[in-house]
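Asks: Quick one: sequence and predicted model below, then my questions.
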Amino acid sequence: MVHGYKGVKFQNWARTYGCCPEMYYQPTSVEEVREVLALARQQNKRVKVVGGGHSPSDIACTDGFMIHMGKMNRVLQVDTEKKQVTVEAGILLSDLHPQLGKHGLALSNLGAVSDVTAGGVIGSGTHNTGIKHGILPTLVVALTLLTADGTILECSESSNAEVFQAARVHLGCLGVILTITLQCVPQFHLQEISFPSTLDEVLDNLDSHLKKSEYFRFLWFPHSENVSVIYQDHTNKPPSSSANWFWDYAIGFYLLEFLLWISSFLPGLVGWINRFFFWLLFTRKRESSNLSHEIFTYECRFKQHVQDWAIPREKTKEALLELKAVLETHPKMVAHFPVEVRFTRGDDILLSPCFQRDSCYMNIIMYRPYGKDIPRLDYWLAYETIMKKVGGRPHWAKAHNCTRKDFEKMYPAFTKFCAIREKLDPTGMFLNAYLEKVFY
Ligand SMILES: Cc1cc2nc3c(=O)[nH]c(=O)nc-3n(C[C@H](O)[C@H](O)[C@H](O)COP(=O)(O)OP(=O)(O)OC[C@H]3O[C@@H](n4cnc5c(N)ncnc54)[C@H](O)[C@@H]3O)c2cc1C
């Protein structure tokens, strides 16, 4: 019999959203998950499955039953010939990397952190960069889904293909993802080279940067022309690191957090902070190399608010220059650094922000120095207005103000996804406040 806990508080990683689920479960088997769903059906309760709790929005919150997948985290099968791995959906990617490494395998791309689960990554459409690479859910070749009525669906291109096309970015609203099979590649090393540039140079030469580096991205420092370009590419070089405690922690974290806190009283300082920290930390060329997952991921030290929309790749320059112009004409509007700009290949996943188009993701942030929120609504609104104007689609994990009407315009396959969801979950067992805004 599965044991439930009362009085558990859930908070996301950034501590920007939280909830008090009525009951909290940590099942260890499919049977226990089924038991929770049966109880929910009997008592007419809603259910939310949570993975690593890293989504910076309320997408993983509920006041009903919460199922935490942390104990369903095994590697079930490794097919070294096909280079595929089947895992339970609650596995953290940080636990998966060493297990793949034992078989000489790795994932071809990763987001910035690995404390996220396989189920969560495909819940919200996690992405990184690399115009020849899709978002992480494009690595999924099969999955199993436990639906509201207790049925298990095996989904792939050849079995329940329509559900598969929906479930690779599922928002947690189709059922409980139990297992996922991921396409891997042979283990590889990456070299990272970062160097300073300007916004005009990068925007004028985007195609050339995209050709030069497999995993190209750049960081723009708002209230300035400054850009840090980051190239990541396959290498045979031995591991090396340019990490330095003094610069990375003492300056890049402790001093920065203190100055950002001071700037919460003197917002005019933010432009200066952005330029000063670029000069301090980003004007030198830096190089490092290591196993791919060590280079793809980095330590995110700051709790922060974020928005991250995917826009058609060809709109990158227009959108960034417009954001820059808005900040210049509204000197009271402040923007923390960096604006991170990444690129991904288009795909055919119904609710993927990159559905049918190569995309540019433009991630804006506002830090929370010592947990303090800094006013951001004007900046957020200006950004969202530009993103909508250029045909953007928001990242599902990150806060946005869109509702069903917006999504119907943004996603050609939105009604198809809704029909699949309504068929699999007719009573809305897997909905929460976030998803109601999406679907109603
Ligand atoms: C520091 C930091 C860095 C980040 N970097 C990036 C980045 O580089 N790129 C990027 O795209 N995103 C990034 N994100 C966002 C992150 O990748 C997503 O929020 C991802 O969904 C988190 O995975 P999770 O396991 O924590 O999922 P959760 O937040 O726990 O859940 C996400 C969604 O998936 C659902 N879900 C989870 N598991 C299951 C399951 N087994 N069955 C059914 N539903 C399930 C949940 O209900 C919810 O709807 C970052 C977040 C943080 C905090």
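Replies: Great, that's in hand.
Asks: is any part of stretch 417-432 close to the ligand?
Replies: No - interface with the ligand: stretch 417-432 contributes nothing (C-beta under 6 Å from any ligand atom), its closest point being 7.6 Å away. Every C-beta, even on glycine, is put in place using the N, C-alpha and C of the backbone.
Asks: That stretch: how far from the chain's middle?
Replies: 23 Å (C-alpha atoms, centre = their mean, to the nearest Å).
Asks: Let the chain start at 870 from now.
Replies: Fine by me, first position is 870 from now on; the one you just mentioned is stretch 1286-1301.
Asks: what's the first-to-last distance across it?
Replies: Using C-alpha to C-alpha, to the nearest Å, the end-to-end distance of stretch 1286-1301 comes out at 17 Å.
Asks: List the beta-bridge partners for S1025.
Replies: S1025 forms beta bridges with A1011, S1028, as assigned by DSSP bridges.
Asks: give me the element S1157 is part of.
Replies: strand 1155-1160 (DSSP states H and E).
Asks: Which neighbouring elements make contact with the helix or strand following that strand?
Replies: For strand 1155-1160, the following helix or strand on the C-terminal side (DSSP H and E) is helix 1161-1165. If contacts are counted by 3 or more C-beta pairs under 8 Å, 6 or more residues apart in numbering; DSSP states H and E, helix 1161-1165 sits against strand 1058-1067.
Asks: Give me the helices and strands touching the strand it packs on, please.
Replies: Judged by 3+ C-beta pairs under 8 Å, 6+ apart, the packing partners of strand 1058-1067 are strand 1095-1104, strand 1155-1160, helix 1161-1165.
Asks: So which bits of the helix or strand that it is followed by are buried?
Replies: Using DSSP H and E, the helix or strand that follows strand 1058-1067 in sequence is helix 1068-1073. The neighbour-count check on helix 1068-1073 (16 or more other C-beta atoms under 10 Å) flags 1068, 1071-1072 as buried.
Asks: so can I have CSV of these showing pLDDT and distance to A1288?
Replies: Shown next, in CSV, are the buried residues of helix 1068-1073 (pLDDT from 0 to 100; distance: C-beta to C-beta, whole Å):
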residue, pLDDT, distance to A1288
L1068, 98, 43
V1071, 98, 42
L1072, 98, 40
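Asks: Return the closest of those with respect to the ligand.
Replies: The closest of those to the ligand turns out to be V1071 (C-beta to the nearest ligand atom; 19.5 Å).
Asks: so what's the closest one up against?
Replies: The neighbourhood of V1071, defined by C-beta atoms under 8 Å, 6 or more residues apart in numbering, consists of 1078, 1087, 1096, 1098.
Asks: Next, the contact list for the first one, please.
Replies: Spelled out, it's H1078. Applying C-beta under 8 Å, 6+ apart, the residues contacting H1078 are 1071, 1085, 1087, 1098.
Asks: Any part of stretch 1177-1188 near the ligand?
Replies: No - against the ligand, stretch 1177-1188 shows no contacts by C-beta under 6 Å from any ligand atom, the least distance being 6.7 Å.
Asks: now the end-to-end length of that stretch.
Replies: 13 Å.
Asks: So for that stretch, what gets flagged as buried?
Replies: In stretch 1177-1188, counting by 16+ other C-beta under 10 Å, buried: 1177-1182, 1184-1185, 1188.
Asks: Output the residues you listed in CSV; the columns should cover secondary structure.
Replies: As requested, the buried residues of stretch 1177-1188 are exported to CSV (DSSP: H, G, I helix; E, B strand; the rest coil):
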residue, secondary structure
D1177, strand
W1178, strand
A1179, strand
I1180, strand
P1181, strand
R1182, helix
K1184, helix
T1185, helix
A1188, helix
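Asks: Surely A1119 is within a helix?
Replies: Yes - A1119 forms part of a helix when assessed by three-state DSSP.
Asks: Tell me how many other residues surround it.
Replies: Residue neighbour count, defined by other C-beta atoms under 10 Å, stands at 12 for A1119.
Asks: How about the contacts made by it?
Replies: By C-beta under 8 Å, 6+ apart, the contact list for A1119 is empty.
Asks: and what of the one 3 residues further on?
Replies: Contacts for F1122 (C-beta under 8 Å, 6+ apart) come out as 1170-1171.
Asks: Also V982?
Replies: Counted by C-beta under 8 Å, 6+ apart, V982 has contacts 923, 1166-1167, 1169.
Asks: Would you mind giving me the PyMOL syntax to select the buried ones in the residues you listed?
Replies: Restricted to buried positions by 16+ other C-beta under 10 Å, the PyMOL selection for the contacts of V982 reads:
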select buried, resi 923+1166
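Asks: Show me the two of the contacts of V982 that sit farthest apart.
Replies: Within these, H923 and Y1167 form the most distant pair, 14.2 Å apart (C-beta to C-beta).
Asks: Quick check: the residue in the stretch 1070-1219 of the chain that the ligand sits nearest to vs A1268, distance?
Replies: Residue of the stretch 1070-1219 of the chain nearest the ligand, by C-beta to the nearest ligand atom: C1169 (3.5 Å). Per C-beta to C-beta, to the nearest Å, C1169 is found 16 Å from A1268.
Asks: buried residues in the strand holding S1157?
Replies: 1155, 1157-1160.
Asks: got the contacts of V1071 as CSV, with distance to W1148 and pLDDT columns?
Replies: As requested, these are exported to CSV (distance: C-beta to C-beta, whole Å; pLDDT from 0 to 100):
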residue, distance to W1148, pLDDT
H1078, 22, 98
F1087, 17, 98
V1096, 13, 98
V1098, 16, 98
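Asks: who does the nearest residue to M1256 once chain neighbours are set aside bridge with?
Replies: Distance criterion C-beta to C-beta, 6 or more residues apart in numbering; nearest residue to M1256, sequence neighbours excluded, is W1178 at 4.1 Å. With DSSP bridges as the criterion, W1178 is bridged to M1231, P1263.
Asks: How about the contacts made by W1178?
Replies: Counting by C-beta under 8 Å, 6+ apart, W1178 makes contact with 1222, 1230-1231, 1252-1253, 1256, 1261-1264, 1269.
Asks: Likewise for V947?
Replies: For V947, the contact set (C-beta under 8 Å, 6+ apart) comprises 953-955, 968-969, 972, 974.
Asks: Just among those residues, which is most surrounded?
Replies: Counting by other C-beta under 10 Å, top hit in the contacts of V947: V954 with 26 neighbours.
Asks: Wait, I1233 touches A1188, no?
Replies: No - using C-beta atoms under 8 Å, I1233 is not in contact with A1188; the gap is 11.2 Å.
Asks: Sounds good, over and out.
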